[in-house]
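Q: Predicted model and sequence follow; I will ask about them next.
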Amino acid sequence: MSFRAAWAYPALLLALWLVWGYNWVATKIGLTWMGPLEFATVRIVLALGALGAVLLFTGRPLRPPPWRPTLALGLTQTAGFTGLSSLALVAGGAGKVSVLAYTMPFWVLPMAWFWLGERPSRGQWGAVGVAALGLLAILEPWQGKHAWLSDGLAVGCGIAWAASAVIAKRLRATHRVDVLSLTFWQMVWGAWPLLGLMLVFPGKPTVWNAELVVALGFAGILAAGLGWLIWLVLLSRLSAGTAALNVLIIPAVAVLAAWLQLGERPSPFELTGMVLIALALLRLAWLAGHPAAAPAAPSPAAPQRGSP
């Protein structure tokens with residue numbers, strides 16, 4: 001392997017961490033000037049333009065995948081995850097919301113058991129138990145005043161993301177689809193519900209300025225377009241376990257960026273909860289890289305765009 005090739009993939013990993021991690025902060029900043037549903041809708045439109053350009057440039061097929069599962073992915077991944085994350089960020093901190101959204105792998109396990117018949121191992125259930133303690137610490141139900149709506153929406157992001165992962169796995173088991181093309185078409189389906197909700201429930205008046213334009217460009221073009229392309233390149237070279245471990249760095253980047261730029265400082269309980277969830281995710285990532293230790297449930301290493 002040449003020196004250039006040896007450094008190419010670490011550089012791509014670093015770029016993915018920064019783009020998908022900072023995306024939570026960029027979205028939080030953008031919501032200062034635009035309503036959440038408006039921001040989510042414009043972001044998806046920009047992402048469609050970026051992904052469409054990538055499809056044409058790489059010569060990938062533009063033929064739509066089967067419409068029913070693609071519609072389901074659009075409702076859960078595009079409309080569900082993107083819409084809920086924007087709504088959660090209105091009142092919730094960027095770092096905290098990102099961590100709650102990345103509880104996705106824990107919701108995948110019971111869904112995969114119910115719909116795919118993939119029984120989780122004891123190690124996986126143990127990780128879920130640790131994550132539940134972390135979630136409890138972050139939510140702090142013993143506090144009198146709490147942002148329950150924001151936290152609930154953030155957890156909803158993880159649930160919607162998990163549902164899309166199960167749907168995508170069922171689709172790939174029965175149809176041969178190009179992942180990038182599938183991402184493009186599920187965004188096409190998912191953009192319409194966001195547009196409809198934006199028209200029915202308009203947010204605050206948009207104040208167009210350079211900060212908003214940069215935030216939209218970052219979230220739509222870089223995070224959804226370039227970020228997804230980088231992810232596909234890395235996924236072709238990394239094992240599932242290695243990819244999962246690297247994806248787990250993204251919420252850590254979000255927490256650090258929110259702390260440095262937005263002044264978000266987690267409380268001791270929130271910080272403890274974040275650490276517990278990180279440890280549980282590391283356990284699941286290790287199990288994903290050691291198939292003999294656990295059955296093959298949908299891996300947290302393979303988000304259907306989303307991530308972020």
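A: Done, it's in.

Q: what residues does stretch 69-87 touch?
A: 24, 27, 31, 36-37, 39-40, 43-44, 64, 97, 101, 153-154, 156-157, 160-161, 163-164, 167-168, 170-171, 175, 182, 185-191, 193-194, 197, 304-306 (Cβ atoms under 8 Å, 6 or more residues apart in numbering). In this view, the C-beta of every residue, glycine as well, is placed from N, C-alpha and C.

Q: Over to stretch 120-136?
A: Counting by Cβ under 8 Å, 6+ apart, residues outside stretch 120-136 touching it are 100, 103, 106, 109-110, 112-113, 155, 272-277, 279-281, 283-284, 287, 293-295, 297.

Q: so how far does stretch 260-268 reach from one end to the other?
A: Start-to-end span of stretch 260-268 (Cα to Cα, to the nearest Å) is 17 Å.

Q: Give the buried residues for it.
A: 264, 266 (16 or more other Cβ atoms under 10 Å).

Q: Likewise for stretch 274-285?
A: 274, 276-278, 280-281, 283-285.

Q: what's in contact with that stretch?
A: 99, 102-103, 105-106, 123-124, 126-128, 130-131, 133-135, 137-138, 241, 244-245, 248, 251-252, 255, 266, 300-301.

Q: Which secondary structure elements does the strand or helix carrying N23 sit against?
A: Taking DSSP states H and E as the criterion, N23 maps to helix 3-30. Applying 3 or more Cβ pairs under 8 Å, 6 or more residues apart in numbering; DSSP states H and E, one finds that helix 3-30 contacts helix 36-58, helix 83-91, helix 94-101, helix 210-217, helix 227-235, helix 240-247, helix 249-262.

Q: If you count neighbours, what's buried in the longest one?
A: Think helix 36-58. Buried-residue list, helix 36-58, by 16+ other Cβ under 10 Å: 36-48, 50-51, 54-55.

Q: now that helix and helix 3-30, what's the angle there?
A: With axes from the mean of the first three to the mean of the last three Cα atoms, to 10 degrees defining the directions, helix 36-58 sits at 160 degrees from helix 3-30.

Q: what's the angle from helix 36-58 to helix 227-235?
A: Using the same axes, to 10 degrees: helix 36-58 against helix 227-235 is 50 degrees.

Q: Out of the helices and strands packed on helix 3-30, which gets the lowest mean score?
A: The stretch with the lowest mean pLDDT among the helices and strands packed on helix 3-30 is helix 240-247, at a mean of 60.

Q: in the protein, which ranges drop under the pLDDT threshold?
A: Applying pLDDT under 70 to the chain flags the ranges 1-6, 142-146, 232, 235-246, 288-308.

Q: again, 50 this time
A: Applying pLDDT under 50 to the chain flags the ranges 1, 3, 294-303, 305.

Q: quick one on the thing from earlier: return the subset of the contacts of stretch 69-87 lying in strands.
A: The members of the contacts of stretch 69-87 all map outside strands under DSSP state E.

Q: one step back: let me know the closest of the buried residues of stretch 274-285 to I230.
A: Among these, A285 lies closest to I230 (Cβ to Cβ), at 19.0 Å.

Q: What count of nearby residues applies to W208?
A: For W208, the number of neighbouring residues by other Cβ atoms under 10 Å comes to 10.

Q: tell me the contacts of it?
A: Per Cβ under 8 Å, 6+ apart, neighbours of W208: W33.

Q: tell me the SS of it?
A: Using DSSP: H, G, I helix; E, B strand; the rest coil, the structure places W208 in coil.

Q: and V90, how many neighbours?
A: Count around V90 with other Cβ under 10 Å applied: 18.

Q: Now for it: which residues touch it?
A: 31, 36, 150.

Q: Got phi/psi on the first one?
A: Here the main-chain torsion angles of L31 (degrees, to the nearest 10) amount to phi -70, psi -10.

Q: Go ahead and confirm it touches A88.
A: No. Under the criterion of Cβ atoms under 8 Å, L31 is not in contact with A88, lying 10.2 Å apart.

Q: Neighbour count for the two, which is higher?
A: A88 (29 against 23).

Q: Give me the nearest residue to the more buried one, chain neighbours excluded.
A: L153 (3.7 Å; Cβ to Cβ, 6 or more residues apart in numbering).

Q: Also L12?
A: I230 (5.2 Å).

Q: my guess is that neighbour contacts L18, does it?
A: No. At 10.6 Å, I230 and L18 do not qualify as touching, with contact defined as Cβ under 8 Å.

Q: circling back to that earlier point, taking helix 83-91 as reference, get the angle to the helix holding N23.
A: Counting by the same axes, to 10 degrees, helix 3-30 lies at 60 degrees to helix 83-91.

Q: and helix 3-30 with helix 94-101, angle?
A: Using the same axes, to 10 degrees: helix 3-30 against helix 94-101 is 110 degrees.
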